[in-house]
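Q: Take this sequence and fold it.
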Amino acid sequence: MTTKTTSHAPATRPSSRAGAIGGLIAAATFVFGIALFVSSLSDYTDPDATPAESVDFLTGHQTTLFVWYLVIFLLFGVAIIPLARALHGRLVDVSPQLADIGAVFAYIWAGLMFATGMISNIGIAAVADLDESSPGAAENLWSAIDTVTDGLGGGNELVGGVWILLVSVAAWGTGRLPKGLNILGIVSALAGLVTLIPGLSDVGMVFGLGSIAWFAWTGMVLFRTDATNRVEVAR
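A: Numbers count the residues shown, from 1 in each chain. Reported below is the predicted structural model:
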């Protein structure tokens, strides 16, 4: 007589591991982004900086800005895809509608991050090249690019906030994620949604700091799940 094994364990194991890595990378990109935002890029990120000042800074720090945008948008966008997949797999059987809708918002967020990062990095070179021949036109181009990228990936945290909120609500009371993690997710998500209100965009820093903790904690939870699955399979 043969003994049947649970068929879902092998599929869950790599998904949890990839999601865990994605969560930790996402947290790291937030730390990196905020650290540069308030330090070496503070003159560029200063909301009171004029377009001329921003263009001057951009032309002198193209490599730093390229790396910054690469990490905070493109790498972050890549990282949240396996994380979203792992969380969807963890919650879909207990809260299918919220898990499905949440995954859609996560993938939309990833797409917005890709678009923002690519526009930003192409825009750096375009503005720097134009500044050599027409500084005024370069300032206008920078203002246009900044407005577009701010709307897509920085001016508000609607899409990311909705995803984290849906995940936290879907997991509430199920035991699939720690209660403290769900509370952190809800608080962080609500702070992100508040950024939609004009004049309250600074609350986005609360979302950013809360998200660092949420991504890192979620990553560690998924790593523990992966380790548990490994033990069960070994048995």
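Q: residues contacting the most centrally placed residue in the chain?
A: For the chain, the residue sitting closest to the mean C-alpha position, by Cα atoms, centre = their mean, is F76 at 5.2 Å. Going by Cβ atoms under 8 Å, 6 or more residues apart in numbering, F76 touches 25-26, 29-30, 113. Any C-beta I mention is one placed from the backbone N, CA and C, and that applies to glycine too.
Q: ok, 7 Å please
A: F76 makes contacts with 26, 29, 113, as judged by Cβ atoms under 7 Å, 6 or more residues apart in numbering.
Q: excluding its backbone neighbours, what's nearest the last one?
A: Of all residues not flanking M113 in the chain, G77 sits nearest, at 3.3 Å (Cβ to Cβ, 6 or more residues apart in numbering).
Q: quick check: mean pLDDT across stretch 66-80?
A: Model confidence over stretch 66-80, given as mean pLDDT, is 97.
Q: Quick check: which ranges of the protein have low pLDDT?
A: Within the chain, the ranges that satisfy pLDDT under 70 run 1-15, 226-235.
Q: Helices along this protein, start to end?
A: For the chain, applying DSSP state H gives helices covering 8-37, 42-45, 51-60, 62-69, 76-91, 96-133, 135-153, 158-171, 179-194, 204-234.
Q: For the first one, what is the distance to the chain centroid?
A: Counting by Cα atoms, centre = their mean, to the nearest Å, helix 8-37 is centred 10 Å from the centre of its parent chain.
Q: List the buried residues for that helix?
A: Along helix 8-37, these residues count as buried under the neighbour rule (16 or more other Cβ atoms under 10 Å): 12-13, 15-30, 32-33, 36-37.
Q: ok, back up a step: please identify which of the contacts of F76 is nearest to L91.
A: A26 (17.8 Å; Cβ to Cβ).
Q: That closest one: what's it in contact with?
A: For A26, the contact set (Cβ under 7 Å, 6+ apart) comprises 76, 79-80, 83, 215.
Q: Put together JSON lines for these, with distance to F105 on each row.
A: Conversion of these to JSON lines gives the following (distance: Cβ to Cβ, whole Å):
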{"residue": "F76", "distance to F105": "15"}
{"residue": "A79", "distance to F105": "16"}
{"residue": "I80", "distance to F105": "10"}
{"residue": "L83", "distance to F105": "13"}
{"residue": "F215", "distance to F105": "15"}
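Q: Tell me the one of these nearest G89?
A: The closest of the contacts of A26, once distances to G89 are taken by Cβ to Cβ, is L83, at 11.0 Å.
Q: Check whether the closest one really touches G22, as I assumed.
A: Yes. Taking Cβ atoms under 7 Å as the contact criterion, L83 and G22 are neighbours in contact, 3.7 Å apart.
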